[in-house]
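Enquirer: Let's see this in three dimensions:
(2 chains)
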Amino acid sequence: MSITYLEAIREAQAKALADDDRVFIYGQDVGAFGGAFKATKNLAAQFPGRVFDAPISEDAIVGAAIGAAIDGMRPIIEMQFADFSTPGLNQILNHAATLYWRTRVPCPITVRLPSGGTSGSGPFHSQSMEAIYAHYPGLIVMTPATVEDAYSMLLEAVSIDDPVIFCEHKYLYYHLKAAALPTEAMPVGKARVARAGRDLTIVAYSAMVHEALAAAEELATEGVEIEVVDLRSIKPLDTDTVMASVARTGRLLCVGEAWPWGGVTSEVLARVATEGFNLLDAPPQRLNAKDTPIPYHPDLWSVHRPTARSIAAAARNVLRS
Amino acid sequence: MLLSRVLDDKLASLYRGGKIHGGVFLGRGQEALSVSLGLALRKGDVYAPLIRDGAGRLAFGEPILDAVRTYLGSALGPMRGREDNVHRGRPREGILAMISHLGAMISVVNGMLMSRRFRGETGTVGATVIGEGATSTGSFHEGINQAAVEKLPLVLVIANNQYAYSTPARRQFACEDLVDKAAGYGVTPHPVDGTDLEACLSVVGQAVAQARDGGGPQMVVARLLRLCGHGEHDDAGYIDPKLKQSPLGRDCLKVAEQVLARRGWADDAMLKSLREDAAQTVEETVAQAQREPAPDPYKENWCALASRNLSEGYETAGEGK
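Expert: Residues are numbered from 1 along each chain as shown, chains lettered A, B, ... in the order given. Predicted coordinates:
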């Protein structure tokens, strides 16, 4: 018996619905159809009236979730693809994220963003939007990389009194499996050392954790011990765990699937450079997707985003410097 | 209606005297429509007023002190100096705090009504107000369509005051009459002369009653003219003088007073006494708020999250921890 990342997301939603009457799920095709990726499969039948289809209106989907949250509910909304959350940005960034600060009324909504690239998906079904959301005050941004985190962090997202942007990676949906659902979880806001090592720290999150782990495996055959830190959530960002790792290794490479300008990798580098400059034995480096829209063709796509191979190459450069 | 006008006049005077920091936005010419909605709603209903709804707010039960404290930036007001002028509210008491992005409140009201439906609560309605300019937004379309699909007890009041800031209505929409849009969305249309208090009371009251009785979304479209600038910084020199001379340019307050006099319901002495009472209330409220403390930046917690444990403390160069 094993459970996939996608099934863990479904199971977490089933548990949230079962445990709390205030939870409902609203989004395009999430009802009887069970969602474009089947993340809500059978939930509409299992929880009548609480899992239902929305019109193609991202702005109004988020707006309705905000209203329901003001009235005491804890909605989960699915954006079908992270890329499609842009028409809902106004309600997320200007309304949900500001509500508590402006009015003292919390806004406990969970916005599920099926994120990141898969081969053949092209410019509008592949995006990683976490940096845009993390830039705005008032939001929590989760980027689970494991089946266990997908489950426990989604449950935590629903219970948090603030709007949570839950970036679930589509590449991990079917490939990533665990033996069982977790019974305990690390606290949100705490990063995890996914692999211990002493020569170089690779900081990654979401699907890039697995590319980084594969790169570490490859470099191990060359006698290099890589430490991989999985950020888990990018806001809050666990600077302490990153800094402790850099203190051990003296070298840093930060990897993100999103674009290079601004964003998570530059934030991590800025923090290490400003708060931990004296820990570094070499200039910190980062690796991101190329600064173009995301290509459709698998030959282009596999080079557009960081991979185990490009991460290993970048790591060798940091180790040489 | 009268109290709102007297308050508006005082706010304009304070603005010109440099006593109000930020903008001042008046409801002059729109009080009849606004107050009709405030009066038709009950405690327990949801009300999302917009920029020119001072009269509706007072009628719905917002304390006049909330308005004055917010305009004067009192730390004791509901927004505590974090928000200004018309962006105030008490969401848990059913009066939402608008964001500046027009049309955004419609779906939020929808969400509150959906929440009540989840809990099996019936008999409450939600109402929000927009100008003709906001009918050009995507949020308007998404919001009214969502309400129609969900058959929610929403009353959408559109104040067609002929200008969105300086842009005339003919540059905003091309249909003969805005009320024609109602049929396309499958909602009930209610045209009304916004300068006529009796007509507004009757039409808005009927729209609210129909929504309350399960009639689904109602769209009220009132024709009137804004008798002030967009804000007090704006001399409104762009308004067509012919419109001011037309029936649209009638002052709804004067029209209402003439009706009262004609019917013998109030004579000049009584109207004078009512005005004096309103002026005294406004003066006392302003005097109170002016004595109240401003927010203290050193006591401000600078935390946008309800979950304070998930907030990151950022340090800026030069600031101690």
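Enquirer: Pull up the residues of the stretch 101-250 of chain A that are close to chain B.
Expert: When proximity is defined as CB under 8 Å from any CB of the partner chain, the stretch 101-250 of chain A approaches chain B at A:101-103, A:105-107, A:137-138, A:140, A:160-162, A:188-189, A:235-237. Quick note: C-beta positions are derived from backbone N, CA and C, even for glycine.
Enquirer: Report the buried members of these.
Expert: For these, a burial check counting by 16 or more other CB atoms under 10 Å in any protein chain shown picks out A:101-103, A:105-107, A:137-138, A:140, A:160-162, A:188-189, A:235-237.
Enquirer: Show only the entries of those residues found in helices.
Expert: Among those, the residues falling in helices (DSSP state H) are A:W101, A:R102, A:T103.
Enquirer: residue contacts, the last one?
Expert: So that's A:T103. By CB atoms under 8 Å, 6 or more residues apart in numbering or on different chains, A:T103 lies in contact with B:P78, B:M79, B:G89, B:R90, B:P91, B:A97.
Enquirer: Repeat that for the second one.
Expert: The contact partners of A:R102, taken as CB under 8 Å, 6+ apart, are B:M79, B:R82, B:E83, B:H87, B:A97.
Enquirer: what do you get for B:H233?
Expert: So B:H233 contacts B:G23 (CB under 8 Å, 6+ apart).
Enquirer: Could you check which helix or strand contains A:A97?
Expert: helix A:97-103 (DSSP states H and E).
Enquirer: Can you work out which other helices and strands pack against the next helix or strand after that helix?
Expert: Downstream of helix A:97-103, the first helix or strand assigned by DSSP H and E is strand A:110-115. For strand A:110-115, the packing partners by 3 or more CB pairs under 8 Å, 6 or more residues apart in numbering or on different chains; DSSP states H and E come out as strand A:74-78, helix A:147-159, strand A:164-169.
Enquirer: contact partners of strand A:110-115?
Expert: Under the contact criterion CB under 8 Å, 6+ apart, strand A:110-115 has outside partners A:9, A:27, A:36-37, A:39, A:62, A:65, A:74-82, A:85, A:88, A:92, A:127-130, A:154, A:157-158, A:163-170, A:173, A:206.
Enquirer: Now find how far off-centre it is within its chain.
Expert: Between the centre of strand A:110-115 and the centre of its chain there are 9 Å (CA atoms, centre = their mean, to the nearest Å).
Enquirer: Mind giving me the packing neighbours of the next helix or strand after that strand?
Expert: Sequence-wise, the next helix or strand downstream of strand A:110-115 (DSSP H and E) is helix A:130-135. Counting contacts by 3+ CB pairs under 8 Å, 6+ apart, helix A:130-135 packs against strand A:140-142, strand A:164-169, strand A:233-235, helix A:263-275.
Enquirer: for the ones you listed, which one sits closest to B:L260?
Expert: strand A:164-169 (54.3 Å; CB to CB).
Enquirer: and the helix or strand following the closest one, what's its mean pLDDT?
Expert: Per DSSP H and E, the first helix or strand lying C-terminal to strand A:164-169 is helix A:172-175. Helix A:172-175 shows a mean pLDDT of 96.
Enquirer: other SSEs contacting helix A:172-175?
Expert: Contacts defined by 3+ CB pairs under 8 Å, 6+ apart place helix A:172-175 against strand A:3-4, helix A:5-19.
Enquirer: for the ones you listed, which one ends up most surrounded?
Expert: The highest average neighbour count among the helices and strands packed on helix A:172-175, using mean count of other CB atoms under 10 Å in any protein chain shown, belongs to helix A:5-19 at a mean of 21.
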